[in-house]
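Visitor: Build me a model from this:
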Amino acid sequence: MLDHLAIDVSDIARSRRFYAAALAPLGYVVLREEAASVGFGVIAGEGRSLDPGGDFWIAAGTLRAPLVHFAFNASSREAVDAFFEAALGAGGVDNGRPGLRPRYHPSYYAAFVIDPDGYNIEAVCHKSSG
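Guide: Numbering: from 1, shown residues only. Have a look, this model is predicted:
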């Protein structure tokens, strides 16, 4: 099990705004903020972060290719939809509208967005609709 993930970003203020908006529908909030880094995590309920600084970090730095793809767990398909709309509203670029991706498994419901630095981020719900 992963404890945390950290990525370098080119503009910490822009990325903070983007991720605060995009991850809010998934229950994420800013847990720690420093001049050159920001930690996000879920403080209650499903997916709660055990690290007081959060399980997802952004840090001012130099981007190095290839940029990674990463996915955030969503508690429902509605949360995936809300993530997608929030991420687009915060400046993300559509890289795959919300929907089923049965090539992964029959209940794989996900949405993909390119963040301001070019990272391919995803929200995914593995639960069936019923």
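Visitor: Show the contacting residues for Pro116.
Guide: Pro116 makes contacts with 9-11, 14-15, 18, 91-92, as judged by C-beta atoms under 8 Å, 6 or more residues apart in numbering. (C-beta placed from N, C-alpha, C; glycine too.)
Visitor: rerun that using 6 Å as the cut-off
Guide: 14, 18, 91 (C-beta atoms under 6 Å, 6 or more residues apart in numbering).
Visitor: ok, now Phe70?
Guide: Contacts of Phe70 (C-beta under 6 Å, 6+ apart): none.
Visitor: so it sits in a helix?
Guide: No - counting by DSSP: H, G, I helix; E, B strand; the rest coil, Phe70 falls outside a helix, being strand.
Visitor: bridging residues for it?
Guide: Ile121 (DSSP bridges).
Visitor: returning to what we had before: for the contacts of Pro116, which single residue is the most surrounded?
Guide: Among those, Phe18 has the most neighbours (other C-beta atoms under 10 Å), with 24 neighbours.
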